[in-house]
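Colleague: would you be able to build a 3D model of this:
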Amino acid sequence: MRTWTRRLRKKIHVAIFCNPHNPTGRVWTKEEITKAMGVYERNNVWVISDEIWSDLMMNDHHYTPTQSVSEWVKQHTAAFYAPSKTFNIAGLIGSYSVIYNKPIRERIQSVGEKTVYNSMNVFSEHALIGAYSDEGDNWLDQLLPVLSKNVNIAYDYVTKHFDGVSTFKTEGTYMMFLDCTDWLKKYGKTQKELLQRGWDYGIGWQDGGLFQGPTSIRLNLASPTFRIEDAFKRMDKYVFNAEW
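Modeller: Numbering: from 1, shown residues only. Below you'll find the model as predicted:
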């Protein structure tokens, strides 16, 4: 914490806070958010809070909006949301921000109006409204138990069957981050070889190096449960417990 604070004092003016965290799926508690924001406040750091995964709470975990923890945070944070992850409508291009500080909100809006990248259209606007309707709530209520079940299956399979692979049981988001460091060392394989082996056997996964995890793999668990079960059986049979 002291090293982090020193770095903030020297050169950091804006921080990006991910709540819930991607790719680990960690849902920050109110106490944790308050502590982090306290560091930013003491060092006069503005906050951009990425809260795009906030609807996707696994296994009854609770989401705390970053801006809710104090008045200072409310006035010094720009929070960004979108229905794209929750309702699978990323292709329609639609997101929104919550910015209570009027001068900052007007400056951000001014910059946004001068660009055409990811500009909202009529279709995406009404899709967003529909997503947050009663029908959307009903759909989400049915979705979360399925995703929670997938998370439980994935976590149990990794911890029981993949020696040398560890993971965090995702609390929010439908992503899971596998740490394969010990497995790679044990079997003398490279990250590139491991990734390719999975793809060769129909396992669609992502290099964790894109998320500062050079020996980790990012998994998307937003599929029907039978697909998740099939994927982990393939990992077991053809990758982590197979003779290459």
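Colleague: so where's the longest helix in the chain?
Modeller: In the chain, assigned by DSSP state H, the helix with the most residues is helix 134-161.
Colleague: what is the subsequent helix or strand relative to it?
Modeller: Read in the C-terminal direction, the helix or strand following helix 134-161 is strand 166-167, with elements assigned using DSSP states H and E.
Colleague: contacts for that next one, please.
Modeller: Where contact means CB atoms under 8 Å, 6 or more residues apart in numbering, the residues beyond strand 166-167 that reach it are 154-155, 158-159, 176-179, 182. Quick note: C-beta positions are derived from backbone N, CA and C, even for glycine.
Colleague: so Glu125 is in which element?
Modeller: Applying DSSP H and E, one finds Glu125 within helix 122-131.
Colleague: got it, and Ala36?
Modeller: Here Ala36 is assigned to helix 30-42, by DSSP H and E.
Colleague: how far out from the middle of the chain is that helix?
Modeller: Relative to the chain's own centre, helix 30-42 is displaced by 20 Å; criterion: CA atoms, centre = their mean, to the nearest Å.
Colleague: hey, C-alpha coordinates of that helix in PDB?
Modeller: The C-alpha atoms that make up helix 30-42 are tabulated as PDB, following Å, rounded to 0.1, in the frame of the first residue of the first chain:
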ATOM      1  CA  LYS A  30     -18.000  -1.800   0.400                       C
ATOM      2  CA  GLU A  31     -15.100  -1.800   2.900                       C
ATOM      3  CA  GLU A  32     -12.500  -2.600   0.200                       C
ATOM      4  CA  ILE A  33     -13.900   0.100  -2.200                       C
ATOM      5  CA  THR A  34     -13.900   2.600   0.600                       C
ATOM      6  CA  LYS A  35     -10.300   1.800   1.400                       C
ATOM      7  CA  ALA A  36      -9.100   2.100  -2.200                       C
ATOM      8  CA  MET A  37     -11.000   5.400  -2.700                       C
ATOM      9  CA  GLY A  38      -9.500   6.700   0.400                       C
ATOM     10  CA  VAL A  39      -6.000   6.400  -1.200                       C
ATOM     11  CA  TYR A  40      -7.300   8.200  -4.300                       C
ATOM     12  CA  GLU A  41      -8.800  11.000  -2.200                       C
ATOM     13  CA  ARG A  42      -5.700  11.600  -0.200                       C
END
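Colleague: does anything pack onto the longest helix of the chain? Which helices or strands?
Modeller: Of the remaining helices and strands, those touching helix 134-161 by 3 or more CB pairs under 8 Å, 6 or more residues apart in numbering; DSSP states H and E are helix 84-87, strand 166-167, strand 175-179, helix 225-234.
Colleague: hey, which of these is tucked in deepest?
Modeller: When you average the neighbours per residue for each of the helices and strands packed on helix 134-161 (mean count of other CB atoms under 10 Å), strand 175-179 leads with a mean of 22.
Colleague: which residues sit against that strand?
Modeller: Under the criterion CB under 8 Å, 6+ apart, residues 22-25, 151, 154-155, 158, 162, 165-168, 170, 208, 211, 213, 215-221 lie in contact with strand 175-179.
Colleague: out of those residues, which end up buried?
Modeller: Burial by neighbour count, 16 or more other CB atoms under 10 Å: within those this picks out 22-25, 151, 154-155, 158, 162, 165-167, 170, 208, 213, 215-221.
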